[in-house]
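Trainee: I'd like to go over a predicted model; first the sequence, then the structure.
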Amino acid sequence: MDVLETLLLAAVRECWGEQVDFVGVTRNVLSCVLDERELFEALPERMAVEVIPIEDCEPGSPRTHSMEEFHPSRAVLLFDGLTGAAFGRKSYIYKSKGLRVYLFESGEVCTLTPRCTIDDLGFSLSNELLDAPHDFHVPTLRTVEPVADLFEMISRHFPTFLPEARIGLGLIKMITNLRRTFIIDYCLEYVIVPPDVDILSDFSQWSRRELWDVCLSRRFEREAGHEGQTRAIALLMEAGISPQPDQILDYLQRIGRSSSSEDLLQRMDELKLAVLGRIDQLTEDLSDPLFWKRLGREQRRLLDEVAEQFRDDPCIRTMGDVVLEILEVFKAQIEVHGLWTELWDRDQPKHERTVQKLFFSSAVSFCRAYDLDISPESDGGSGPVDFKISGGWHDKVVVEFKLSTNTSVVHGYECQLERYKDSENTEHGIFVLVDVGELGGKLERVLSLQAAKGDRASDIVYIDARPRVSASKKR
């Protein structure tokens with residue numbers, strides 16, 4: 001199996017909480033990088049440019065004195081966590097902080113701490129080796145622990161690059177963001193890369209296209225299944241990699257030749273959700289009154305469509321459709337319009353109660369406009385369900401929310417929601433699974449339970465509320 005196909009399949013299975021042999025995957029992926037010798041460049045171990053005061057200079061002599069010492073092995077930058085330091089009280093013109101992860105031609109993956117300063121004495125740079133347990137040697141890698149530790153460290157300190165400590169996603173982001181080498185004319189370019197030469201390497205451009213070719217292929221769908229292919233599409237978008245138009249067209253043409261028009265439309269909807277639904281709004285939008293006006297207009301349009309349907313046929317099935325439409329608006333607000341930020345306190349998800357309050361504030365305008373009753377914490381005798389929405393005694397829908405971190409997700413769908421339906425004398429329930437990490441295989445298990453129950457199964461709504469990278473910060 002191709003290296004990138006193996007990587008993508010492993011990343012999908014990791015998202016499902018399955019055990020994956022990431023030792024072999026990591027070794028094979030980084031071995032491909034080792035074969036691309038044009039990616040590697042000399043890396044200074046120490047470098048200094050001393051500025052000699054003008055009063056100490058002999059006439060005609062240079063005012064600077066330079067010193068350079070390079071590592072014996074060339075290296076490629078896998079991850080850049082270096083920034084300028086916001087301290088110094090004007091004692092420095094520039095001072096760096098952070099770390100970088102390099103892959104050396106010798107096969108070593110090492111974390112370096114570049115210590116760079118510019119002051120009135122000149123320029124100083126030392127790439128110091130950080131004595132970290134996650135450094136490893138690619139050809140002799142035998143256990144996954146150092147790789148897992150590496151991505152756990154990156155996830156903890158740089159969540160904009162890797163929101164969760166996932167090895168598969170981390171490897172994909174690394175190999176698809178390698179920079180093309182350039183001629184370094186100034187010492188500072190070892191620390192700050194000028195925009196005009198900050199260009200994606202040919203290898204990373206090829207990797208991006210090849211990953212999408214693999215993802216959309218018939219072979220990958222056979223190997224991973226349709227759900228696996230859909231998850232892989234979302235995974236590549238999460239990595240910041242978009243498909244090319246010709247790849248999408250080729251995929252749809254292939255599906256169209258071998259599938260019904262209904263299946264083709266479903267595939268188009270899935271692509272639309274993955275490609276467009278993953279484009280994050282700027283954080284500033286949330287404080288922009290025009291943003292909320294646009295969102296309000298869209299919500300009113302959806303309300304009108306739902307109301308028309310409900311007035312024409314106010315039966316229990318239509319009642320369920322109304323609530324599903326309300327949840328689709330809420331899902332879009334979180335996944336597309338940036339409302340996910342309200343579910344997080346820095347890097348920790350808030351309590352389940354928060355998502356319930358946000359849904360109530362979104363749903364109450366629907367219910368008021370169309371004479372529906374929404375009751376939070378309604379208790380019909382089996383304990384309080386999160387919400388009951390009703391249009392009378394016979395037309396009721398119960399809605400239960402669960403965060404992905406909750407250990408009772410499967411029990412909540414299989415048993416808890418069914419008891420609520422019985423106590424409220426309704427056959428219609430909706431289970432809302434809000435993904436804030438630690439999902440594992442919970443979604444797949446509840447979907448399997450839904451399929452086994454057939455027509456009497458409760459609906460499932462999945463909402464991805466994991467942190468996003470702002471569009472203004474994406475590379």
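Mentor: Ah, there it is.

Trainee: give me the low-pLDDT residue ranges for the stretch 1-150 of the chain?
Mentor: Scanning the stretch 1-150 of the chain for pLDDT under 70 picks out 1, 54, 63, 86-90.

Trainee: can you pull out the strands in it?
Mentor: All strands of the stretch 1-150 of the chain, identified by DSSP state E, counting those that start in this stretch, fall at 44-51, 64-70, 75-84, 94-104, 108-119, 122-129, 136-137.

Trainee: Then the stretch 301-450 of the chain?
Mentor: 344-345, 348-349, 373-379, 384-390, 396-403, 429-435.

Trainee: Helices of the stretch 201-350 of the chain, start to end?
Mentor: For the stretch 201-350 of the chain, the helices defined by DSSP state H, counting those that start in this stretch occupy 202-215, 218-238, 245-258, 261-277, 289-312, 316-335.

Trainee: who does the second one touch, helix- and strand-wise?
Mentor: Read that as helix 218-238. Here helix 218-238 touches helix 3-15, helix 167-175, helix 202-215, helix 261-277, going by 3 or more Cβ pairs under 8 Å, 6 or more residues apart in numbering; DSSP states H and E. Glycine gets a C-beta too; all of them are placed from N, C-alpha and C.

Trainee: Among these, which comes closest to residue 416?
Mentor: helix 3-15 (25.0 Å; Cβ to Cβ).

Trainee: Tell me the helices and strands packed up against that closest one.
Mentor: helix 22-35, helix 167-175, helix 202-215, helix 218-238.

Trainee: most neighbours per residue, which of the ones you listed?
Mentor: Ranked by mean neighbour count, these are led by helix 167-175 with a mean of 23 (mean count of other Cβ atoms under 10 Å).

Trainee: what helices or strands is that one leaning on?
Mentor: For helix 167-175, the packing partners by 3+ Cβ pairs under 8 Å, 6+ apart are helix 3-15, helix 22-35, helix 145-157, helix 202-215, helix 218-238.

Trainee: what mean pLDDT does the last one have?
Mentor: Along helix 218-238, the predicted confidence averages to a pLDDT of 89.

Trainee: Contacts for it, please.
Mentor: Helix 218-238 is contacted by residues 5, 8-9, 11-12, 15-16, 168-169, 172, 211-212, 214-216, 243, 254, 270-271, 274-275, 278, 444, 447, 464 when judged by Cβ atoms under 8 Å, 6 or more residues apart in numbering.

Trainee: Of the strands of the stretch 301-450 of the chain, which is nearest residue 149?
Mentor: Nearest to residue 149 among these is strand 348-349 (21.0 Å), distances taken as Cβ to Cβ.

Trainee: Partner strands of that closest one, with direction?
Mentor: Sheet pairing of strand 348-349 (DSSP bridges) gives strand 344-345 (antiparallel).

Trainee: Show me how far the partner strand is from its chain's centre.
Mentor: 16 Å (Cα atoms, centre = their mean, to the nearest Å).

Trainee: Could you break the protein into its assigned domains?
Mentor: 3-51+60-210, 287-473 (automatic domain parsing).

Trainee: Switch those domains over to TSV; also include distance to residue 238.
Mentor: Output for the domains of the chain, formatted as TSV (distance: least, Cβ to Cβ, whole Å):
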stretch	distance to residue 238
domain 3-51+60-210	7
domain 287-473	8
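
Trainee: if we can go back for a sec, and the helices of the stretch 201-350 of the chain, which one is worst for confidence?
Mentor: helix 289-312 (a mean of 57).

Trainee: give me every residue that touches residue 118.
Mentor: So residue 118 contacts 92-95, 124, 188 (Cβ under 8 Å, 6+ apart).

Trainee: what's the closest of the helices and strands packed on helix 218-238 to residue 50?
Mentor: Closest among these, once you apply Cβ to Cβ, is helix 167-175, at 36.1 Å.

Trainee: Need the residues that contact that closest one.
Mentor: Applying Cβ under 8 Å, 6+ apart, the external contacts of helix 167-175 come out as 7-8, 10-12, 14-15, 20, 22, 25-26, 29, 32-33, 78-79, 144, 147-148, 150-151, 154-155, 161-162, 203-204, 207, 211, 235-236, 238-241.

Trainee: Using PDB, write out the CA atom coordinates for it.
Mentor: Taking Å, rounded to 0.1, in the frame of the first residue of the first chain, the C-alpha atoms of helix 167-175 are listed here in PDB:
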ATOM      1  CA  ILE A 167      -0.100  11.500  15.400                       C
ATOM      2  CA  GLY A 168      -1.800  11.000  12.000                       C
ATOM      3  CA  LEU A 169      -2.900  14.700  11.700                       C
ATOM      4  CA  GLY A 170       0.400  15.900  12.900                       C
ATOM      5  CA  LEU A 171       2.400  13.900  10.300                       C
ATOM      6  CA  ILE A 172       0.000  15.100   7.600                       C
ATOM      7  CA  LYS A 173       0.500  18.700   8.600                       C
ATOM      8  CA  MET A 174       4.300  18.300   8.800                       C
ATOM      9  CA  ILE A 175       4.900  16.800   5.400                       C
END
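
Trainee: that older thread, could you dump the helices and strands packed on helix 218-238 to JSON lines with distance to residue 428?
Mentor: Formatted as JSON lines, these follow (distance: least, Cβ to Cβ, whole Å):
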{"stretch": "helix 3-15", "distance to residue 428": "30"}
{"stretch": "helix 167-175", "distance to residue 428": "37"}
{"stretch": "helix 202-215", "distance to residue 428": "36"}
{"stretch": "helix 261-277", "distance to residue 428": "23"}
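
Trainee: quick one: which of the ones you listed is nearest residue 335?
Mentor: It's helix 261-277; of the helices and strands packed on helix 218-238, that one is closest to residue 335 (Cβ to Cβ) at 5.5 Å.

Trainee: if we can go back for a sec, may I see the PyMOL selection of the buried members of the contacts of residue 118?
Mentor: Remark: buried members of the contacts of residue 118, expressed as a PyMOL selection using 16 or more other Cβ atoms under 10 Å:
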select buried, resi 92+95+124+188
